[in-house]
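Peer 1: missing the sequence, but the structure's below:
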């Protein structure tokens, strides 16, 4: 039943299924995902309409086993991967879970095979890989970063939960002078401005050099909030073009650190 | 023609309402057949059986009186809406007071359910539900007889239903059809195929009924996943024996048994694969 590991370019055994499922779910706002297997671990990237991109990073130490002959890239249906990993979801929440999940990939043109085993019951999932599409290269160079804030997620959770859903856009103002950090929406109920303190205990660092005001689609911000519920800390950065990056730090039960990252392009011309 | 019964055991009441609730999920109309030895629920789809449940009255009722249409044909066939019966029985779960069910002729034939409901105050309430029924005439009886059980290619014990149910619920999100595959080595496979993936769960070491030689020839049936999932909810009845029978590429028959108490059979036609 267990395939011969030597035939495969990539073999991995997942530990800590709970965190992995959480990470995958938090980037699962679109069906298709591109996965990169490198010596650092596995990165899963999802892109929407060429203007937002999310990646989940699962470092090598989260895996119980990670064998890579060469770097691999494959594109699969993420919904199916998540459903498969959840086949035992009721049990993996408990510490004593005996679920084992293994991934196998032979290379271009082959499916990704996942074996899930629990108490001798084996589920074999063969996920068809798709033609690789082009992914945009979103990145923030250190010298272009205008503002950088590091927060405890609790602060953003409360703010974002109360955002006016009828507003199409959300405006973000970051500034070295008052009001420092402001989130505004404009919906049916009226305009709403939320000013956040910069010296609260929940704000770990606040580095703003220039006043920057940019506007984003609320529909793009919403998916980026999913990771809030499993993360401890989040860093927000913007660059001179208004590109916004959320980087969440997610701790596994065993203490390893994973990351989820979202890049969101600004809306240039609201009018 | 006469029918009267009384039920007071809490477990019997729970099982009885569970059976009715299962029937509700399958169809709008069902046939309730009464004989001296057994009580049956029958759901058919254009004469093809869908659900066939056989209950032993002694195990469900403390009192069971039944006189059929004639001494020759000592049976009663009633057609009713199971959802109405289920609603009347729904209060049984909370109170374990005796309940009486009888066939009455009010403005039309009815199954009258008399319940004793206790309330927080000392006075209990007497509650009467009338479920309208149609008495099925003699000439239609043959349509609702015990279905012919075909010769199965394989009969295999089912793994614990709650295990399967969880998996099938996941599979349901991805596909509308499921293939059930079994062989005589005791392997049962549940498999779905979609444009994006093929997923199969393998159960091993299951008991095979019958004495045919052990081969690894596979028998399969592809069925609507919705219908298969409906059967899996039967685990609320705590059956002590659940089997899966396959007529290769023709039919899936699932049988749920509580020894000497209840036999419930589901017939699911296979789709062409």
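Peer 2: Great, that's in hand. All of these numbers come straight from a predicted model, not from anything done at the bench.
Peer 1: name the nearest residue to the residue in the stretch 151-273 of chain B that chain A sits nearest to, ignoring sequence neighbours.
Peer 2: The nearest approach of the stretch 151-273 of chain B to chain A comes at residue B:196, 3.9 Å away (CB to the nearest CB). (Each C-beta comes from the backbone N, C-alpha and C, glycine too.) With CB to CB, 6 or more residues apart in numbering or on different chains as the criterion, residue B:196 has its nearest non-adjacent residue at 3.9 Å, and that residue is residue A:77.
Peer 1: was I right to think the one you found contacts residue A:125?
Peer 2: No. If you go by CB atoms under 8 Å, residue A:77 and residue A:125 don't touch, sitting 10.9 Å apart.
Peer 1: the more surrounded of those two?
Peer 2: Neighbour count, other CB atoms under 10 Å in any protein chain shown: between residue A:77 and residue A:125, residue A:125 has more, with 24 against 20.
Peer 1: which SSE is immediately downstream of the helix or strand encompassing the more buried one?
Peer 2: According to DSSP states H and E, residue A:125 maps onto strand A:121-127. Helices and strands here follow DSSP H and E; after strand A:121-127, the next one along the chain is strand A:145-152.
Peer 1: shared neighbours, residue A:77 and residue A:125?
Peer 2: Common neighbours of residue A:77 and residue A:125 (criterion: CB atoms under 8 Å, 6 or more residues apart in numbering or on different chains): residue B:197.
Peer 1: let me see the ranges of the helices in the stretch 101-250 of chain B.
Peer 2: With DSSP state H, counting those that start in this stretch as the criterion, the stretch 101-250 of chain B has helices at B:161-174, B:225-232.
Peer 1: report pLDDT for the closest residue to chain B within the stretch 1-150 of chain A.
Peer 2: Closest contact between the stretch 1-150 of chain A and chain B, by CB to the nearest CB, is at residue A:77 (3.9 Å). On pLDDT, residue A:77 comes in at 94.
Peer 1: enumerate every residue touching it.
Peer 2: So residue A:77 contacts A:31, A:32, A:33, A:127, A:128, A:130, B:196, B:197 (CB under 8 Å, 6+ apart).
Peer 1: hang on, the fourth one packs against residue A:114?
Peer 2: By that I understand residue A:127. Yes. Between residue A:127 and residue A:114 there is a contact under CB under 8 Å: 6.8 Å.
Peer 1: picking that back up, from the contacts of residue A:77, which is closest to residue B:159?
Peer 2: Checking those against residue B:159 by CB to CB gives residue B:197 as the nearest, at 22.4 Å.
Peer 1: how near is residue A:168 to chain B?
Peer 2: 31 Å (CB to the nearest CB, to the nearest Å).
Peer 1: residues of the stretch 51-200 of chain B that sit close to chain A?
Peer 2: B:159, B:163, B:166-167, B:170, B:173-174, B:194-200 (CB under 8 Å from any CB of the partner chain).
Peer 1: buried stuff in the longest strand seen in chain B?
Peer 2: Secondary structure of chain B per DSSP state E: the longest strand is strand B:125-135. For strand B:125-135, the neighbour count (16 or more other CB atoms under 10 Å in any protein chain shown) marks B:129, B:130, B:131, B:133 as buried.
Peer 1: same question for stretch B:73-85.
Peer 2: Buried, per 16+ other CB under 10 Å, within stretch B:73-85: B:75, B:76, B:77, B:78, B:79, B:80, B:81, B:82, B:83, B:84, B:85.
Peer 1: just these: which are in strands?
Peer 2: Using DSSP E, the buried residues of stretch B:73-85 in strands are B:76, B:77, B:78, B:79, B:80.
Peer 1: now, among the residues you listed, which is nearest to residue A:195?
Peer 2: Looking across those and measuring by CB to CB, the closest to residue A:195 is residue B:80, at 65.0 Å.
Peer 1: isn't that closest one right up against residue B:131?
Peer 2: Yes. Contact criterion CB under 8 Å: residue B:80 and residue B:131 qualify, at 5.8 Å.
Peer 1: overlap of the contact sets of the two?
Peer 2: With CB under 8 Å, 6+ apart as the test, residue B:80 and residue B:131 both reach residue B:111.
Peer 1: is residue A:72 in a bridge, and if so with what?
Peer 2: Here residue A:72 sits in beta bridges with residue A:37, as judged by DSSP bridges.
Peer 1: tell me the contacts of it?
Peer 2: So residue A:72 contacts A:9, A:10, A:35, A:36, A:37, A:105, A:107 (CB under 8 Å, 6+ apart).
Peer 1: same deal with residue A:204?
Peer 2: A:150, A:151, A:152, A:233.
Peer 1: which element is it on?
Peer 2: Counting by DSSP H and E, residue A:204 is found in strand A:203-208.
Peer 1: SS state for residue 260?
Peer 2: Answering for chain A, as no chain was given. Here residue A:260 is strand, with the state taken from DSSP: H, G, I helix; E, B strand; the rest coil.
Peer 1: wrong chain, I was asking about chain B
Peer 2: Classification of residue B:260 by three-state DSSP places it in coil.
Peer 1: for the one 5 residues further on, same thing?
Peer 2: The local conformation at residue B:265, judged by three-state DSSP, is strand.
Peer 1: from what I see, it and residue B:52 are in contact.
Peer 2: Yes. Between residue B:265 and residue B:52 there is a contact under CB under 8 Å: 4.5 Å.
Peer 1: what residues are shared contacts of those two?
Peer 2: Contacts common to residue B:265 and residue B:52, judged by CB under 8 Å, 6+ apart, are residue B:147.
Peer 1: rewinding a little: ok, so of the buried residues of stretch B:73-85, who is nearest residue A:180?
Peer 2: Distances from residue A:180 to the buried residues of stretch B:73-85, taken as CB to CB, are shortest for residue B:83 (60.8 Å).
Peer 1: which of the helices or strands spans the closest residue to the closest one other than its chain neighbours?
Peer 2: Nearest non-adjacent residue to residue B:83, counting by CB to CB, 6+ apart: residue B:24, 5.1 Å away. Residue B:24 is part of helix B:10-26 when elements are defined by DSSP H and E.
Peer 1: helices and strands around that helix, which ones?
Peer 2: Helices and strands touching helix B:10-26, as assessed by 3 or more CB pairs under 8 Å, 6 or more residues apart in numbering or on different chains; DSSP states H and E, comprise strand B:39-45, strand B:48-55, helix B:57-60, helix B:82-89, helix B:225-232, strand B:262-269.
Peer 1: switch the ones you listed over to a markdown table; also include mean pLDDT.
Peer 2: Converted to a markdown table, these look like this (pLDDT from 0 to 100):
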| stretch | mean pLDDT |
| --- | --- |
| strand B:39-45 | 91 |
| strand B:48-55 | 90 |
| helix B:57-60 | 90 |
| helix B:82-89 | 90 |
| helix B:225-232 | 90 |
| strand B:262-269 | 91 |
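Peer 1: export the ones you listed to a markdown table and tack on distance to residue A:241?
Peer 2: Formatted as a markdown table, the helices and strands packed on helix B:10-26 follow (distance: least, CB to CB, whole Å):
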| stretch | distance to residue A:241 |
| --- | --- |
| strand B:39-45 | 63 |
| strand B:48-55 | 63 |
| helix B:57-60 | 74 |
| helix B:82-89 | 61 |
| helix B:225-232 | 48 |
| strand B:262-269 | 59 |
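Peer 1: to residue A:180, which of these lies closest?
Peer 2: That would be, of those and by CB to CB, helix B:225-232, which comes in at 54.0 Å.
Peer 1: ok, and for the closest one, which residues are buried?
Peer 2: B:225, B:227, B:228, B:229, B:230, B:231, B:232.
Peer 1: residue contacts, the nearest residue in space to residue B:205 that is not next to it in sequence?
Peer 2: Excluding the flanking residues, the one nearest residue B:205 by CB to CB, 6+ apart is residue B:186, at 5.2 Å. Residue B:186 is in contact with B:156, B:204, B:205, B:206, B:207, B:208, counting by CB under 8 Å, 6+ apart.
Peer 1: picking that back up, between strand B:262-269 and the helix holding residue B:24, find me the angle.
Peer 2: 10 degrees (axes from the mean of the first three to the mean of the last three CA atoms, to 10 degrees).
Peer 1: for helix B:10-26, the distance to its chain's centre please.
Peer 2: 9 Å (CA atoms, centre = their mean, to the nearest Å).
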